[in-house]
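**Student:** give me a 3D structure for the following:
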Amino acid sequence: MQSQDVVPSPGRPSSSAGSSASPASAASSSGLLVDVEQAEAALVEHYPRLARLAYLVLPPDLGRGRRVLTAHALTQRALPRGRTPVPVIPAQSTGPDSDPGYALVRLQVLRTALEAGLPLKRMAWPKRSQLPPFLPQVWGLKLFPRSGGAEELALDQRLSALSGPARAAYVLRGLEKLPDTDVRKVLTAAGVDDVDAALSEAGGVAARSALLESPEFDPCSLQARPTDLMRRRQHTKAALAAVAAVAVCGALLGLPGGGWGPDGAAAPAYARNPAAEAALDPARVTRVAPTAWETSARTDFSVWPARGGLTGDRELLRRALAVWARPGENVRVTATTGTPSGGPAGPPQLLYAGTVDDVRVVILYDGLRIARYAEPKDSTTRAALDFARVDGATGPEANAVVLSRTDGNVRYLTAPWVRKAAERDLLKPGSGAMDLALTDGVTAPLATPAVQSGTCTSWNVLQLTDSFGTRLLTDLSELVPAHLTAGRPGSTHEASGARGLRAWAPFACSLSAVRGAGVRTVNTWEYATQPLPDASGLAAWVCTRAETWRGDGARVLAQFQTPGGTYGSVATKAENVPACGPRDPHVLAGVLWKSQAGSWYVLAAGSRGTTSITATGTAGGSAQGSLLAVKTRQGAHAELKGTLRDGRSINGLG
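**Tutor:** Numbers count the residues shown, from 1 in each chain. You can find the predicted model right below:
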């Protein structure tokens, strides 16, 4: 049992404030010394932050795997050898920069990360930071940060175009939150010659501080993949056999007929497989006729035509297929929960190929999954690959796919039968919908609820109209939006009607609790109303159930709304239970509630057909019917059990 609590909106926690730093030249006048133990304590405490700083400043052409290892090596080598003067910095009263040890190791990490990006000189020995790190080393695995989204990809591309000092200036501003006066001091102390040029160059990239905190740029939160298994096996053989294997691999890099050309961000190919080669042939990609959906009895992805301005770009399609089959280390791969990310079994169907928001995008469908390939408009060596499971999708569930995400907005590719698109705020059912332009199935950008922070004041959803009716879809940070419905399980209706909009309005913000779970549909249902003790009015009990594409892992929320409340609050939640679903529409939930008179109660409500409820624990009691109210004290706990009309028992949710 939990006390009532209004559900907050989705958002990211704000990063801890950084502060200023100044050059080491000022240290001598301060007389402030940092010993090894103090520097080590600062390094250990703030190690993830320092490693992230090094990773962001290191030159991108090192590759993601080597950048990870080099960032850790530079951070671990940042300790001074003895008592060292610390740069005098106008430190804040709180935060890591109030620690002179942190300022010292940060400066050393920044200095060596900048050195790593300097070109090698013919007549001079390379600096230690310019060489591959001796430690740490990882054998048999490739390590790289977790994949972000299109916004992180775009920011990484913009940072890769900057010089090392400009990247350092951008990171000190965004990650460390330093003002420009202190950025100048830190860069000067790190040995940057032209600080003004670095600041000016960094100013050409829009400030995206929140993205710098993304797992995309965290070298301490890693994914692992094996290195090339065949190559490792070959290296254990005799030299002659290894040479022969290399020759065979080189011959197999191209396909018959002169090959298809370079594979962009894809990993090398090492084995010939006729079925796999057919799946990677852009000439064999399935293309559906533009009018096929008009005469088909199906309303799923299999009848979507190929759209976009680049459907005839053979090289783009070849890169997309090759990356799908063999994503290289410069490819960010994401997949919704329960979605396999392996290559296609045969030639997939092309749904879209075009340029969207300065990114080339290809969307493919293999009967089980939607695969979205994206590469920067000015590069083919880096890419993002996203997967979503869509088996059995039909009607509203096959109405839209996310095409791009940029600056907190999202564009969708809609089904060919969609005639009208609009944006609606789910929290304001009476405000109406705002029309969205629809061009060759592509919507104008609309704000996504995924970027909201602080108090939940809006939840924007996509409203699509076709010949069968009007549907609501919501972005849950996945490739395919979730379909929203309302009503008792087994007799649900579209949430786009007046009744459905009123049902969703107080509980829209609770959708943040099911984000990223591979959600297919979300239904909300008011299963009970309850007169509150002390004449406090009438409360509503609502059950929200999110079904997943994989068929299991459904998430169920029992929510409670008091009279006059703008939002409902989550009373309890559960996963992998049939409650509140088509198989078992019954639900029982409770909450610890404080009345306006200051008294505490355990309140519980069951769905229709509940004949009795019993509470046991520190707050015990029972009642006939589907409602229970037991006076208790703050902090009390209770376990609920109910009896249904057919004699079956039902336990409290959660």
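
**Student:** just the helices in the stretch 101-250 of the chain please.
**Tutor:** 150-160, 164-174, 180-189, 195-202, 209-212, 229-235, 239-252 (DSSP state H, counting those that start in this stretch).

**Student:** helices or strands next to the second one in the packing?
**Tutor:** Going back to what we said before, that points to helix 164-174. Applying 3 or more Cβ pairs under 8 Å, 6 or more residues apart in numbering; DSSP states H and E, one finds that helix 164-174 contacts helix 47-57, helix 100-116, helix 180-189, helix 195-202, helix 209-212. C-beta here means a position set from N, CA and C on the backbone, and glycine is covered the same way.

**Student:** rank those by pLDDT, which is bottom?
**Tutor:** Mean pLDDT across the helices and strands packed on helix 164-174 is lowest at helix 209-212; the value there is a mean of 82.

**Student:** give me the domain ranges for the chain.
**Tutor:** Split into domains by automatic domain parsing, the chain comes to 24-224, 242-382, 393-516, 521-654.

**Student:** so what's the closest residue in space to Gly654 that isn't next to it in sequence up against?
**Tutor:** In space, and not counting its chain neighbours, Gly654 is closest to Thr572: 3.5 Å by Cβ to Cβ, 6 or more residues apart in numbering. Neighbour list for Thr572: Met1, Gln2, Leu557, Ala558, Ala589, Gly590, Val591, Gly652, Leu653, Gly654 [criterion: Cβ atoms under 8 Å, 6 or more residues apart in numbering].

**Student:** which of the residues you listed are buried, as a ChimeraX select command?
**Tutor:** Buried members of the contacts of Thr572, defined by 16 or more other Cβ atoms under 10 Å, are picked up in ChimeraX with:
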select :1,557,558,589,590,591,652,653,654
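
**Student:** go through the contacts of Thr572 and name the one nearest Arg382.
**Tutor:** Leu557 (38.8 Å; Cβ to Cβ).

**Student:** how deep is Ala535 tucked in, by neighbour count?
**Tutor:** Ala535 has 9 neighbouring residues, counting by other Cβ atoms under 10 Å.

**Student:** next one: the one 3 residues further on
**Tutor:** By the measure other Cβ under 10 Å, the count of residues near Leu538 is 11.

**Student:** cool, and the one 4 residues further on?
**Tutor:** The burial metric for Val542, expressed as a neighbour count using other Cβ under 10 Å, is 25.

**Student:** where does it land in three-state SS?
**Tutor:** Secondary structure, DSSP: H, G, I helix; E, B strand; the rest coil: Val542 is strand.

**Student:** same question, Val630
**Tutor:** From three-state DSSP, the assignment for Val630 is strand.

**Student:** which residues touch the nearest residue to Asp475 once chain neighbours are set aside?
**Tutor:** Of all residues not flanking Asp475 in the chain, Thr448 sits nearest, at 4.7 Å (Cβ to Cβ, 6+ apart). Thr448 makes contacts with Arg405, Gly408, Asn409, Val410, Asn460, Asp475, as judged by Cβ under 8 Å, 6+ apart.

**Student:** in those residues, find the pair that's most separated.
**Tutor:** Arg405 and Asn460 (13.4 Å).

**Student:** hmm, back to that, find me the pLDDT at the residue nearest to Asp475, would you?
**Tutor:** Confidence score, pLDDT, at Thr448: 85.

**Student:** most neighbours among the contacts of Thr448, which one is it?
**Tutor:** Asp475 (26 neighbours).

**Student:** distance of that residue from Leu501?
**Tutor:** Note on Asp475: its distance to Leu501, by Cβ to Cβ, to the nearest Å, is 18 Å.

**Student:** for Ala513, same thing?
**Tutor:** Distance, Ala513 to Leu501, using Cβ to Cβ: 20 Å.

**Student:** for the longest strand anywhere in the chain, buried residues please.
**Tutor:** In the chain, assigned by DSSP state E, the strand with the most residues is strand 519-531. By neighbour count on 16+ other Cβ under 10 Å, the buried set for strand 519-531 is Val519, Arg520, Thr521, Val522, Asn523, Thr524, Trp525, Glu526, Tyr527, Ala528, Gln530.

**Student:** so can I have JSON lines of those residues showing pLDDT?
**Tutor:** Listed next are those as JSON lines, based on pLDDT from 0 to 100:
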{"residue": "Val519", "pLDDT": "95"}
{"residue": "Arg520", "pLDDT": "95"}
{"residue": "Thr521", "pLDDT": "96"}
{"residue": "Val522", "pLDDT": "97"}
{"residue": "Asn523", "pLDDT": "97"}
{"residue": "Thr524", "pLDDT": "97"}
{"residue": "Trp525", "pLDDT": "95"}
{"residue": "Glu526", "pLDDT": "96"}
{"residue": "Tyr527", "pLDDT": "96"}
{"residue": "Ala528", "pLDDT": "96"}
{"residue": "Gln530", "pLDDT": "96"}
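
**Student:** quick check: the farthest pair among those residues?
**Tutor:** Farthest apart among the buried residues of strand 519-531 by Cβ to Cβ are Arg520 and Gln530. That separation is 30.9 Å.

**Student:** on that earlier part again, out of the buried residues of strand 519-531, which comes closest to Arg77?
**Tutor:** After measuring the buried residues of strand 519-531 against Arg77 - Cβ to Cβ - the closest member comes out as Val519, at 45.1 Å.

**Student:** beta partners for the closest one?
**Tutor:** For Val519, the beta-bridge partners are Thr548 (DSSP bridges).

**Student:** let me see the contact set for it.
**Tutor:** Applying Cβ under 8 Å, 6+ apart, the residues near Val519 are Leu476, Glu478, Ala482, Ala546, Glu547, Thr548, Trp549, Arg555.

**Student:** out of those residues, which is nearest to Ala73?
**Tutor:** For those, the nearest to Ala73 is Glu478 (36.0 Å; Cβ to Cβ).

**Student:** of the contacts of Thr448, which one scores lowest on pLDDT?
**Tutor:** Gly408 (84).

**Student:** surely that residue meets Pro449?
**Tutor:** No - contact between Gly408 and Pro449 fails when scored by Cβ atoms under 8 Å: they sit 9.9 Å apart.

**Student:** need the contact list for the closest residue to Ala546 other than its chain neighbours.
**Tutor:** Spatial nearest neighbour of Ala546, excluding adjacent residues (Cβ to Cβ, 6+ apart): Val514 at 4.1 Å. Val514 makes contacts with Leu476, Ala482, Val522, Ala546, Arg555, Leu557, as judged by Cβ under 8 Å, 6+ apart.

**Student:** out of those, which are inside strands?
**Tutor:** In this view, these that belong to strands under DSSP E are Ala482, Val522, Ala546, Arg555, Leu557.

**Student:** out of the residues you listed, who's nearest Ala206?
**Tutor:** Nearest to Ala206 among the ones in strands among the contacts of Val514 is Ala482, at 30.0 Å by Cβ to Cβ.

**Student:** burial count for that closest one?
**Tutor:** Applying other Cβ under 10 Å, we find 26 residues neighbouring Ala482.

**Student:** in terms of contact, does it touch Val522 like I think?
**Tutor:** Yes - between Ala482 and Val522 a contact is recorded at 5.4 Å, counting by Cβ under 8 Å.

**Student:** kind regards, and thank you for your time.
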